[in-house]
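[1] Pasting the sequence and the predicted model now:
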Amino acid sequence: MKVLMLNGSPHEHGCTDRALEEIAKALGENGVDSEIVWIGRQPVGGCVACNACDKLGRCAFGDKDGVNEFRAKAVEADGFVFGAPVHYGRAGASLLGFMDRLFYSNGRAGQPNAFAYKPAAAVTSARRAGTTSALADIEKYFTISQMPIVSSRYWNMVHGSSAEQAEQDAEGLWTMRQLGRNMAWLLKCIEAGRAAGVGLPEGEAGTWTNFVR
Ligand SMILES: Cc1cc2nc3c(=O)[nH]c(=O)nc-3n(C[C@H](O)[C@H](O)[C@H](O)COP(=O)(O)O)c2cc1C
């Protein structure tokens with residue numbers, strides 16, 4: 001079992017990474033592998049609605065900034081953690097741009113759905129304010145993608161301006177450790193259910209209504 005994490009901060013080893021490392025440690029102690037992918041420092045754009053992914057099965061711009069590479073890893077992963085610093089009271093724009101294109105291009109042109117029915121968690125860091133709003137920004141991708149959300153004993157946030165300051169946030173790191181344990185527990189429950197013959201829920205063709213008549 002493997003959890004794929006994305007550090008959506010421009011700091012490779014900043015506060016968000018410190019939080020993700022704590023989750024990774026707890027996952028490892030509970031027999032679950034993990035990998036942290038760093039989004040990097042290059043500008044990351046949002047979706048330009050070109051719909052090229054409908055034909056390509058991947059984002060037309062995603063080979064440049066890691067979106068397509070992350071999606072390939074995501075197909076193999078069992079669970080996810082997406083983390084970002086708070087920028088201007090919401091999740092940093094790089095992470096949101098990355099996730100817009102990652103989720104919009106997912107499962108198109110006959111490619112497998114990398115996310116449905118796989119548990120996910122959001123994590124955020126801030127000097128002071130905007131964390132709960134940033135968590136909600138990230139969780140929206142999960143709730144439109146049939147992904148069970150993993151929670152912890154408090155909202156998944158650390159505070160600080162550097163990894164050293166986040167290190168002093170004892171309650172924040174406690175929350176991250178519990179998140180890792182909860183993720184490991186849910187993954188094991190899903191695996192046990194699968195082994196006992198519990199299949200995925202049935203889908204249906206459905207109808208697209210762009211507005212209600
Ligand atoms: C452009 C920008 C905007 C920011 N806006 C906020 C904010 O609204 N609230 C806040 O508490 N911190 C804000 N910060 C501080 C970061 O959220 C905080 O330092 C965070 O913990 C850094 O995490 P990182 O080391 O993973 O990048 C901002 C930082 C930047 C660069």
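    Here it is on my side, so go on.

[2] ok now do the one residue in the chain that gets nearest to the ligand, which residues does it touch?
    Residue nearest to the ligand within the chain: G14 (2.2 Å; Cβ to the nearest ligand atom). Where C-beta positions appear, they are placed from N, C-alpha and C, glycine not excepted. With contacts defined as Cβ atoms under 8 Å, 6 or more residues apart in numbering, G14 is in contact with P85, S125, S162, A163, A166.

[3] List the ones among those that fall in helices.
    A163, A166 (DSSP state H).

[4] From the contacts of G14, list the buried ones, please.
    The neighbour count (16 or more other Cβ atoms under 10 Å) marks P85, S125, A163, A166 as buried among these.

[5] Low-confidence ranges, the chain, go.
    Within the chain, the stretches with pLDDT under 70 are 213.

[6] hmm, 90 instead?
    In the predicted model of the chain, residues 207-213 satisfy pLDDT under 90.

[7] Now the spatially most central residue of it: which helix or strand?
    Nearest to the mean C-alpha position of the chain, counting by Cα atoms, centre = their mean, stands F82 at 2.9 Å. Assignment of secondary structure by DSSP states H and E places F82 within strand 79-87.

[8] what separates that strand from the chain centre, distance-wise?
    6 Å (Cα atoms, centre = their mean, to the nearest Å).

[9] And the next helix or strand past that strand?
    Using DSSP H and E, the first helix or strand after strand 79-87 is strand 90-91.

[10] Which neighbouring elements make contact with that following strand?
    Helices and strands touching strand 90-91, by 3 or more Cβ pairs under 8 Å, 6 or more residues apart in numbering; DSSP states H and E, are helix 131-143.

[11] which outside residues touch the helix it packs on?
    The contact list for helix 131-143, computed with Cβ under 8 Å, 6+ apart, reads 82, 84, 86, 89-91, 95-96, 99, 103, 115, 120, 122-126, 147-149, 155-157, 159.
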